[in-house]
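Student: quick one, structure for this:
(2 chains)
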Amino acid sequence: MVKMTDLNTIEKPNWCPGCGDFGILMALKSAIIELNIEPENIAVISGIGCSGKVPHWLRTYGLHGIHGRALPVAAATKLCNHELTVFAVGGDGDGYGIGMCHFIHAMRRNINMTYIVHNNMIYGLTTGQTSPTSEKGMRSKSTPSGVIEVPVNPIALAISSGATFVARSFAGDVKHLQKTIVDAVKHRGFSLIDVFQQCVSFNHDNTYDWYKQRIYDLSTVGHDPADKLKAFAKAQEWGDHIPIGVFYKVLTPTYEDELPQIKDVALVKQPIDKIDVGGLMDDFV
Amino acid sequence: MNIMQKNKLTWKIGGKAGEGIMATGMIFSQSCTRGGLHIYDVSEYPSLIKGGHNTLQVRVEDREVFSQERGVNILIALNRETISMHKDEIADSGGIICDVADAVDQKELRNDIRVYPIPFNDIIKDINAQPIMKNNVALGASIALVDYDFEIVVKVIRDSFKRKGDSIINENTRAAKAGYDFIKKNFKNDFGYKLEKIGDQERMILTGNDTICIGAINAGCKFYSAYPMTPASSILHFMAAQERRFNIVVKHTEDEISAINMAIGAGFTGVRAMCGTSGGGFCLMTEGYGLAGMLEVPIVVILSMRPGPSTGMPTWSEQGDLKFAMNASQGDFPRPILIPGDIEESFYMTMEAFNIAEKYQTPVIILSDKNLAESHKSLDKFDTARVPIERGEYADASELAASPDNTFFKRYRFTATGISPRTLPGTKKGIYTATSDEHDEEGVIIESIDNRLKMMHKREQKMKTLASELKQPELIGPADADVTVIFTGSTKGPIKEAIIILEKEGIKVNYLQISYLNPFPTEKVSNVIDSARKIVVVDNNFKGQLCDIIREKTGKTIVHKILKYDGRPFYPEEIHNSIKEVMSHG
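Tutor: Below is the predicted model:
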């Protein structure tokens, strides 16, 4: 059985005290333990930002890449070794800003992996600029007069872009997040978990209390995640009442399912020492 | 007619895009190689799909040919524009095959040029074929003019269209035969250029992109990611077409950023991975390129050059990205850059690139260009065992088993060679995090002076180790040469052809080919420059980028540069003339 000590690292996280990232890391570890996946069979791929440090404080295989590019790395990791459980982790700037293009295309592909977005509606590591999910009017270092754009709606975007498991959770509710991660990993296909997370240092609008006062769990109101249109309607809810939980879930063939090349053996386990290109050369005579 | 030349011919076909120019050219080329002759072709086309002027020029000889040359012996003009654009390229007593309606008055042409007008529409009607078949009628006519064995053409058509069925084969054959018969019936057999079968040896006809792909597949490349961009697109097409035959995952990604990051993900898992693009796409890849260097993940990147800046001239050729490749991405990291000189080298160097990437755990660039990527050459089959697969160092299984639980594996262990044995995800007790931040032996982020220096030296040591293992380039040709030519990449073909001409004139030339821009063969180049009578550098770009690199590496200034930057590859005649000029000016 996988234990917490298997996943802990000697280095301790250096996020700000009170950061929502601690809750996300704890939920991720707890989910891995609950799922009982050996750490060597997990790959956690991150980009840049406070979220990008997750692989350093979780003892699984990890790749801490460049800003916004976790998803292509993670997608190829899964395609080349589909026996691994693959997570991509990132923030709202990483995934919905600089990496937005990859976000949409990753969802279209429906590769069996889980994407956890630490969404604190602000840029933390670069010390407090507006993010793609910052609310209109929010004042920040890069928008001293207030954000002019409207925020990205990652849930609605995911439902319309082909993600087959679309959920939102809250870093302040580790149990809810743990369960959501477990369900997401068990789901065969691309899972998005947008995680509300407080940034205690730079976002003084969307605080722990702000989230706590507004969120309610979709499972308590009888929401049917199989209903795409209702899921889309729920994704529009914002303001005093904001839903968390699974918005949408559907089973469709994964990208890997459509590749006969990896049907029998993971790509990385296929030998390369006896490839015969003789017939290929004949094609050119 | 006083010209009589056998088995030395340049055949050119021109017309609108979509008229089957490339397909007709390929049937002609294959017909030549099936008769034991050698070919080299060059295509010219604009960046659009229908319409626009396209040409394919095939050079045929009874010896191996290395490039195009000036002087077209047969020009097949599928429209009038082809005649007006290319009539000045026609060699002494060459011929034009064209439609009767396009046949220009002899007054508009040099006296020696012969025009062979063909009533394409009447012939097409007579044989009940589609209008597109006029390219085959013209092909057949050209075969008749050079008096070549028509039965070979019939066989090539049969093989080329065997998947499309008998009716297509028959239509194509009928069209070619009708063109052949028309010439035989209506003109005397007195055209001065002839082709004759010289043997039965079967050769492949391949482009540089084809050979990169065959080399990659033979090397065990299992993952290829790319975004379409001329002239690298046909690598994507080739790999995609072969993905199920050879179990390769090929991904057309949303952009080049994704392409290189996917290759990195694949390389991280342990799969041999490659991505490919041209200069514009490589601009997008540069951050990922540095990432692979920092993570020490092996990947192969094909950078197939075309003239820039920006969109530049998408379907034309230049070596304008030499310095870009050498300096792309922030910071210093080991960056081997291989630059094959011809289509055959593209095969072996691609195999070598995968070995270097995995042995030295770093991104390897293969620099190509449109000229190399898309020109065809007839070649003997490759020796697929010449470059054995070397996968580099992996952590010892028993050592891993004996290591303590719940620690990170020292993925970036300091070693004498700079190479740290790898583990792959899935390996018990091999766990580590690869990180783009500076890190310690375990991959943990650390910014101390001591670690930074050691890690920089470790990574750079890999390049020194590689340099010590690579063969130094050799000076090819007479030791007492009057002129020594230094070059890199696809200028090799026209240089070799120019040397053949110069030798006939009694001028001794030798050459030094630079196949690795990194690690650069500094000592050898320096010695050659010091000992040569006269140094000439051939550089297919505006600023003389190779000259700059030579100066950067050796401190020596190149005086005689032969530069070309009009989007076209060199002709041997241009290099020949420039070398003669350099010689005449002392």
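Student: assumed B:Val137 was part of a helix.
Tutor: Yes. Counting by DSSP: H, G, I helix; E, B strand; the rest coil, B:Val137 is located in a helix.
Student: pretty sure it sits against B:Lys177.
Tutor: No. Using C-beta atoms under 8 Å, B:Val137 makes no contact with B:Lys177, being 9.1 Å away. Any C-beta I mention is one placed from the backbone N, CA and C, and that applies to glycine too.
Student: so for the two, which sits in the more crowded spot?
Tutor: B:Val137 (27 against 20; other C-beta atoms under 10 Å in any protein chain shown).
Student: let me see the contact set for the more buried one.
Tutor: Shown in contact with B:Val137 (C-beta atoms under 8 Å, 6 or more residues apart in numbering or on different chains): B:118, B:120, B:123-124, B:175-176, B:178-179, B:182.
Student: repeat that with 6 Å
Tutor: B:120, B:123, B:175, B:178-179 (C-beta atoms under 6 Å, 6 or more residues apart in numbering or on different chains).
Student: which residue is the nearest non-sequential neighbour of whichever residue of chain A sits closest to chain B?
Tutor: Nearest to chain B, among the residues of chain A, is A:Ile272, at 2.6 Å (C-beta to the nearest C-beta). Once flanking residues are discounted, A:Ile272 sits nearest to B:Gly220: 2.6 Å by C-beta to C-beta, 6 or more residues apart in numbering or on different chains.
Student: give me the below-cutoff pLDDT ranges for the stretch 1-150 of chain B.
Tutor: B:1-2 (pLDDT under 70).
Student: residue boundaries of the helices in it?
Tutor: B:21-34, B:80-86, B:120-126, B:134-145, B:150-160 (DSSP state H, counting those that start in this stretch).
Student: most neighbours among the contacts of B:Val137, which one is it?
Tutor: Counting neighbours by other C-beta under 10 Å, the top entry in these is B:Gly179, with 30 neighbours.
Student: that residue and B:Ala144 touch, don't they?
Tutor: No. Using C-beta atoms under 6 Å as the test, B:Gly179 is too far from B:Ala144 to be in contact (7.2 Å).
Student: most proximal residue of chain B with respect to chain A?
Tutor: Closest point on chain B to chain A, by C-beta to the nearest C-beta, is B:Gly220, at 2.6 Å.
Student: that residue and B:Arg272 touch, don't they?
Tutor: Yes. Applying C-beta under 6 Å as the test, B:Gly220 and B:Arg272 come out as touching, 4.9 Å apart.
Student: when these two are compared, which one has more neighbours?
Tutor: More crowded of B:Gly220 and B:Arg272, by other C-beta under 10 Å: B:Arg272, with 28 against 21.
Student: measure the more buried one to B:Val364 for me?
Tutor: B:Arg272 is 11 Å from B:Val364, where distance means C-beta to C-beta, to the nearest Å.
Student: what's the answer for B:Ile235, then?
Tutor: With C-beta to C-beta as the criterion, B:Ile235 and B:Val364 are 15 Å apart.
Student: again with A:Ile116
Tutor: A:Ile116 is 33 Å from B:Val364, by C-beta to C-beta.
Student: can you check B:Asp405 too?
Tutor: To B:Val364, B:Asp405 is 36 Å away according to C-beta to C-beta.
Student: how about the contacts made by the nearest residue to B:Gly192 once chain neighbours are set aside?
Tutor: Nearest residue to B:Gly192, sequence neighbours excluded (C-beta to C-beta, 6+ apart): B:Ile3, at 3.4 Å. For B:Ile3, the contact set (C-beta under 6 Å, 6+ apart) comprises B:92-93, B:192.
Student: likewise B:Leu563?
Tutor: B:539, B:544 are the contacts of B:Leu563 under C-beta under 6 Å, 6+ apart.
Student: ok, now A:Gly90?
Tutor: A:Gly90 neighbours (C-beta under 6 Å, 6+ apart): A:47, A:51, A:70, A:117.
Student: is it possible to get TSV of those that adds secondary structure?
Tutor: Formatted as TSV, the entries for the contacts of A:Gly90 read as follows, by three-state DSSP:
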residue	secondary structure
A:Gly47	coil
A:Ser51	helix
A:Ala70	helix
A:Val117	strand
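Student: strands of the stretch 401-550 of chain B, start to end?
Tutor: Secondary structure of the stretch 401-550 of chain B by DSSP state E, counting those that start in this stretch: the strands cover B:433-435, B:475-476, B:483-488, B:509-514, B:516-518, B:535-539.
Student: ignore the last one, chain A
Tutor: A:42-46, A:61-64, A:85-91, A:113-119, A:165-170, A:190-196, A:215-217, A:242-249 (DSSP state E).
Student: could you dump those strands to JSON lines with mean pLDDT and distance to A:Val2?
Tutor: Converted to JSON lines, these look like this (pLDDT from 0 to 100; distance: least, C-beta to C-beta, whole Å):
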{"stretch": "strand A:42-46", "mean pLDDT": "98", "distance to A:Val2": "10"}
{"stretch": "strand A:61-64", "mean pLDDT": "98", "distance to A:Val2": "14"}
{"stretch": "strand A:85-91", "mean pLDDT": "98", "distance to A:Val2": "12"}
{"stretch": "strand A:113-119", "mean pLDDT": "98", "distance to A:Val2": "17"}
{"stretch": "strand A:165-170", "mean pLDDT": "98", "distance to A:Val2": "22"}
{"stretch": "strand A:190-196", "mean pLDDT": "98", "distance to A:Val2": "20"}
{"stretch": "strand A:215-217", "mean pLDDT": "98", "distance to A:Val2": "27"}
{"stretch": "strand A:242-249", "mean pLDDT": "98", "distance to A:Val2": "25"}
